[in-house]
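Novice: quick one: sequence plus predicted model below, questions after.
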Amino acid sequence: MYESLVSWCRFPVNIYNRTGFSVSGDPIEAALVTKNGYRVDKIQTIIDKTGKEYISHTQVYFPPEVAITVDDRVSFPNDLKQREIKKLDTFNDGNTGTVSIQVIYL
């Protein structure tokens, strides 16, 4: 259903997957993985992962096969500042119910 949007996912995005926590409580991240996504700079009001209202300035769309969670962080090749994922959402195909595309809100 969202094939046209998936075809736009051709821009590199760095993903820092969290694998757990150290003994001191610091997050442990796996090696950097670069996947293709589609970045949209648009202001949207969302309810973030903690249940609070938040204003998202950037959204990134990913194909369904990209492994990403709300605990991960992302950066962009031209700016390596790691950004926290405030919300992860999916859009499902109305006919099959399978995930068609994922979107993260930064």
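Specialist: It's in.

Novice: all the helices of this structure, residue numbers only.
Specialist: 3-7 (DSSP state H).

Novice: can you name the residues in contact with the strand ranked longest in it?
Specialist: The residue-count maximum for a strand in the chain (DSSP state E) belongs to strand 33-47. With contact meaning CB atoms under 8 Å, 6 or more residues apart in numbering, strand 33-47 is reached by 5, 8-17, 53-63, 66, 68, 76-77, 86-87, 105. All C-beta spots, glycine's among them, are computed from the backbone N, C-alpha and C.

Novice: repeat that for 7 Å
Specialist: Contacts with strand 33-47, where a contact means CB atoms under 7 Å, 6 or more residues apart in numbering, come from 5, 8-15, 17, 53-62, 66, 86-87, 105.

Novice: among those residues, name the buried ones.
Specialist: 9, 13-15, 17, 56, 58-62, 66, 86-87, 105 (16 or more other CB atoms under 10 Å).

Novice: would you check which pair of the residues you listed lies furthest apart?
Specialist: Asn17 and Ser56 (21.0 Å; CB to CB).

Novice: Asn78: neighbour count?
Specialist: Neighbour count for Asn78, taken as other CB atoms under 10 Å: 6.

Novice: need the contact list for the nearest residue to Gln102 once chain neighbours are set aside.
Specialist: Excluding the flanking residues, the one nearest Gln102 by CB to CB, 6 or more residues apart in numbering is Phe62, at 4.6 Å. Counting by CB under 7 Å, 6+ apart, Phe62 touches Cys9, Lys35, Gly37, Ile68, Gln102.

Novice: same question for Ser4.
Specialist: So Ser4 contacts nothing (CB under 7 Å, 6+ apart).

Novice: use 27 as the first number from now on
Specialist: All right, first residue 27 from here; so that's Ser30.
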